[in-house]
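**Student:** can you look at this prediction? I've put the sequence above it.
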Amino acid sequence: MYRTHTCGSLRVENVNETVTLAGWVQKVRNLGAMTFIDLRDRYGLTQIVVEEHSDAAVRETALKVGREWVLQVTGRVLERESKNPKMPTGDIEVAATAIRVLNEALTPPFTIEEQSDGGDDLRMKYRYLDLRRPPLQRNLQLRHRMAQEIRRFLDSEGFLEIETPYLVGSTPEGARDFVVPSRMNPNQFYALPQSPQTLKQLLMVAGYDRYFQIVRCFRDEDLRADRQPEFTQIDCELSFVEQEDILGIFERWAKHMFREVLGIEFKEPFRRMPWIEAMEKYGSDKPDLRFGMEFADLTGPTKGHGFSIFDEAEYVTGFAAPGCASYTRKQIDALTEFVKRPQVGARGLIWIRVEADAVKSSVDKFFSPEEVRALAGRCGAQAGDLVLILCGKKFKALTQLCALRLEVARQLGLRDPKRFAPLWVVDFPMFEWDEETQRYYAMHHPFTSPKPEDIEFLESDPGRVRANAYDFVCNGTEIGGGSIRIHDAKLQATIFKCLGFTPERAQEQFGFLMNAFKYGAPPHGGLAFGFDRLCSLFGGSDSIRDFIAFPKNNAGRDVMLDAPSLLDQTQLDELYLTLREPKA
């Protein structure tokens with residue numbers, strides 16, 4: 001037996017017991033007469049003491065061990081004279097009677113502690129060492145606990161966990177596919193699934209009316225803090241349901257997760273917000289509701305005052321930043337530079353400083369004090385607030401102002417990761433227009449059902465059609481989303497036509513699904529939650545990488561495994577592949 005206890009389990013109740021521990025050396029402190037070794041495993045840390053009257057072999061071993069050596073220690077549990085209340089095991093120590101070196105270790109390239117001195121790239125290269133650190137251990141333990149709660153809840157609701165294949169056909173709509181060449185089918189390729197969308201719909205046709213899967217998905221897209229090329233979804237689909245049925249089940253699920261994992265009780269129903277309201281009030285389809293600063297439409301009252309920037313703008317919008325009237329000109333200039341950054345893209349920033357007895361703005365030349373105060377009033381500004389205004393094309397100005405709203409909230413400390421403001425965003429547009437290709441694309445995916453009352457506009461006015469779609473949003477992050485699906489082959493054909501698919505192309509890419517619908521498809525719908533995002537939300541982090549055991553870096557590389565990598569020519573020949581030099 002390598003151990004009788006873990007390094008985090010011993011307490012005062014164990015005093016005078018003889019125990020055996022196994023783990024890694026966190027730290028060694030040689031005080032001459034005594035040597036202290038902090039022994040660590042994923043359960044915690046125990047202080048080992050080697051005294052001057054200890055066996056000579058034990059003393060000799062204790063003097064030579066180094067950081068991250070793997071040891072087995074047998075000894076007697078003692079109550080410490082100098083206790084450490086910051087450690088769960090801080091009331092005891094183990095007086096070693098035997099130390100066995102299980103493995104020596106090189107000195108690690110960074111400190112394996114709560115706060116490491118290693119940079120991101122270095123810790124990614126040695127991820128197996130980084131994973132020994134307590135923060136990452138806590139993160140992966142949280143991920144495990146959440147996965148168990150997900151399964152427990154969905155099982156209680158009658159869902160079956162069913163696996164779907166990773167090698168599927170390519171459907172080049174949305175993000176790029178990762179493709180896999182087939183040796184047995186020359187010059188043909190599998191694709192790794194961006195999600196099991198069509199497969200879970202086929203399970204509904206097959207009669208499995210409540211399906212779920214905690215599943216790996218793959219998208220070849222640009223990366224950021226909440227994106228990885230491979231990620232995990234909580235994928236769900238249900239038959240014989242409408243939107244309210246789905247929102248009801250998964251609102252109960254979300255409340256269950258908050259309660260069981262974080263101890264947070266949500267008693268009130270989650271807010272339901274139409275997409276257009278989210279955009280016009282917050283400039284985002286994933287609004288952060290932990291704080292206010294709602295937008296106001298200022299387009300009408302800003303026209304006709306001789307200020308060409310407003311007069312020529314399609315839309316003018318602003319919000320009141322609470323308590324920011326004291327901002328200096330330098331601070332306001334910094335906000336102006338923020339909105340001018342390429343990532344935001346605004347041309348400039350208009351401001352109004354609201355005091356108890358006066359208002360001051362950057363457009364005083366064009367507006368009377370009464371008119372300026374009226375603009376501030378439309379934004380809900382009180383004395384001491386600073387109104388910030390942008391203008392331009394409607395949705396561009398709204399998204400630019402959203403970036404500013406979030407930056408001001410960050411400066412004011414309003415984005416508390418321990419507070420949660422969940423909501424449902426509903427009534428999304430069915431399609432979005434792309435200027436570059438001059439065509440409509442599905443805002444969600446081509447199997448999303450339109451609102452029944454909007455079907456009549458599918459061919460005459462597609463931009464007017466709303467989708468039976470919904471997103472679960474919390475703290476400014478889209479955690480999940482889904483829709484009621486199309487189960488009627490004729491309606492699906494009409495949607496494909498709106499998206500520019502010829503009947504032949506639709507049959508080629510999705511014929512298997514359309515043909516399946518001819519054999520009795522039930523009304524169905526579902527949604528998928530980003531499991532990595534949910535873990536980072538619950539763990540209070542902005543990055544999903546902290547909750548994935550072996551993530552990729554921002555270039556999509558695994559620097560630990562050095563992947564992707566080159567293939568041997570023999571492998572290329574077997575796969576009938578020829579490489580070419582990338583264009584400069």
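**Tutor:** All right, it came through fine. Being a predicted model, the structure only gives us computed values, none of them experimental.

**Student:** strands along the stretch 251-400 of the chain, start to end?
**Tutor:** 271-274, 296-297, 315-321, 350-354, 359-361, 386-392 (DSSP state E, counting those that start in this stretch).

**Student:** and the stretch 401-550 of the chain, by the same measure?
**Tutor:** 422-426, 431-434, 439-442, 469-474, 477-484, 524-530.

**Student:** weakest of those by average pLDDT?
**Tutor:** Taking the average pLDDT of each of the strands of the stretch 401-550 of the chain, the minimum falls on strand 439-442, with a mean of 80.

**Student:** partner strands of the helix or strand bottoming out on mean pLDDT in the chain and their direction?
**Tutor:** None of the helices or strands of the chain scores lower by mean pLDDT, DSSP states H and E than strand 439-442, at a mean of 80. Strand 439-442 has the following sheet partners, assigned by DSSP bridges: strand 431-434 (antiparallel).

**Student:** so how far is the partner strand off the chain centroid?
**Tutor:** Remark: strand 431-434 is offset 25 Å from the chain centroid, using CA atoms, centre = their mean, to the nearest Å.

**Student:** what does it contact?
**Tutor:** Contacts to strand 431-434, defined as CB atoms under 8 Å, 6 or more residues apart in numbering, come from residues 439-443, 462-463, 465, 498-499. Any C-beta I mention is one placed from the backbone N, CA and C, and that applies to glycine too.

**Student:** rerun at 10 Å
**Tutor:** Residues outside strand 431-434 that contact it (CB atoms under 10 Å, 6 or more residues apart in numbering) are 439-444, 446, 448, 450, 458, 462-465, 467, 495, 498-499.

**Student:** export the strands of the stretch 401-550 of the chain to JSON lines and tack on distance to Asn553?
**Tutor:** Output for those, formatted as JSON lines (distance: least, CB to CB, whole Å):
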{"stretch": "strand 422-426", "distance to Asn553": "31"}
{"stretch": "strand 431-434", "distance to Asn553": "30"}
{"stretch": "strand 439-442", "distance to Asn553": "30"}
{"stretch": "strand 469-474", "distance to Asn553": "26"}
{"stretch": "strand 477-484", "distance to Asn553": "21"}
{"stretch": "strand 524-530", "distance to Asn553": "19"}
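
**Student:** with mean neighbour count as extra columns, can I get those in TSV?
**Tutor:** Below are those laid out as TSV (neighbours: other CB atoms under 10 Å):
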stretch	mean neighbour count
strand 422-426	20
strand 431-434	15
strand 439-442	16
strand 469-474	25
strand 477-484	22
strand 524-530	24
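
**Student:** picking up where we left off before, what subset of the contacts of strand 431-434 is buried?
**Tutor:** 440, 442-444, 446, 448, 450, 458, 462, 465, 467, 495, 498-499 (16 or more other CB atoms under 10 Å).

**Student:** farthest pair in those?
**Tutor:** Of all pairs drawn from those, the greatest distance, 15.4 Å, lies between His444 and Leu458 (CB to CB).

**Student:** of all the strands of the stretch 401-550 of the chain, which one is nearest Met184?
**Tutor:** Of the strands of the stretch 401-550 of the chain, nearest to Met184 by CB to CB is strand 524-530, at 31.3 Å.

**Student:** so which elements touch the closest one?
**Tutor:** helix 197-205, strand 210-218, strand 230-239, helix 243-257, strand 469-474, strand 477-484 (3 or more CB pairs under 10 Å, 6 or more residues apart in numbering; DSSP states H and E).

**Student:** of these, which is nearest Ser182?
**Tutor:** strand 210-218 (16.7 Å).

**Student:** and that closest one, which strands flank it?
**Tutor:** strand 160-161 (parallel), strand 230-239 (antiparallel).

**Student:** so which of those strands is the most surrounded?
**Tutor:** strand 230-239 (a mean of 23; mean count of other CB atoms under 10 Å).

**Student:** how far does that strand sit from its chain's centre?
**Tutor:** 15 Å.

**Student:** grab the CA positions of that strand and hand them over as CSV.
**Tutor:** Coordinates of each C-alpha in strand 230-239 appear next as CSV, following Å, rounded to 0.1, in the frame of the first residue of the first chain:
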residue,chain,number,x,y,z
GLU,A,230,-11.9,22.0,-29.6
PHE,A,231,-14.5,22.6,-26.8
THR,A,232,-17.2,20.9,-24.9
GLN,A,233,-20.9,21.3,-25.2
ILE,A,234,-23.8,20.2,-23.1
ASP,A,235,-25.9,19.2,-26.0
CYS,A,236,-29.6,18.6,-25.6
GLU,A,237,-32.6,17.9,-27.8
LEU,A,238,-36.3,17.2,-27.0
SER,A,239,-39.4,16.1,-28.9
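
**Student:** roughly how far apart are the residue nearest to Pro422 when sequence neighbours are not counted and Phe270?
**Tutor:** Spatial nearest neighbour of Pro422, chain neighbours left out: Cys474 (4.3 Å); criterion: CB to CB, 6 or more residues apart in numbering. Taking CB to CB, to the nearest Å as the measure, Cys474 falls 9 Å from Phe270.

**Student:** what's the answer for Val215, then?
**Tutor:** 25 Å.

**Student:** more crowded one of the two?
**Tutor:** Neighbour totals were compared for Val215 and Phe270, and Val215 leads with 22 against 18 (other CB atoms under 10 Å).

**Student:** who does that one form a beta bridge with?
**Tutor:** Gln233.

**Student:** distance of it from Lys552?
**Tutor:** Taking CB to CB, one finds Val215 at 18 Å from Lys552.

**Student:** could you report the neighbour count for the nearest residue to Arg42 once chain neighbours are set aside?
**Tutor:** In space, and not counting its chain neighbours, Arg42 is closest to Gln137: 5.2 Å by CB to CB, 6+ apart. Burial of Gln137, expressed as a neighbour count using other CB under 10 Å, amounts to 16.

**Student:** sorry, back to before: what do Cys474 and Phe270 both touch?
**Tutor:** Contacts common to Cys474 and Phe270, judged by CB under 10 Å, 6+ apart, are 254, 421-423.

**Student:** quick check, nearest of the residues you listed to Leu106?
**Tutor:** Ala254 (45.5 Å).

**Student:** can I assume the closest one is in contact with Pro269?
**Tutor:** No - counting by CB atoms under 10 Å, Pro269 is not a contact partner of Ala254; they are 11.3 Å apart.

**Student:** give me the more crowded residue out of those two.
**Tutor:** When Ala254 and Pro269 are compared for neighbours, Ala254 comes out ahead with 22 against 11, by other CB under 10 Å.
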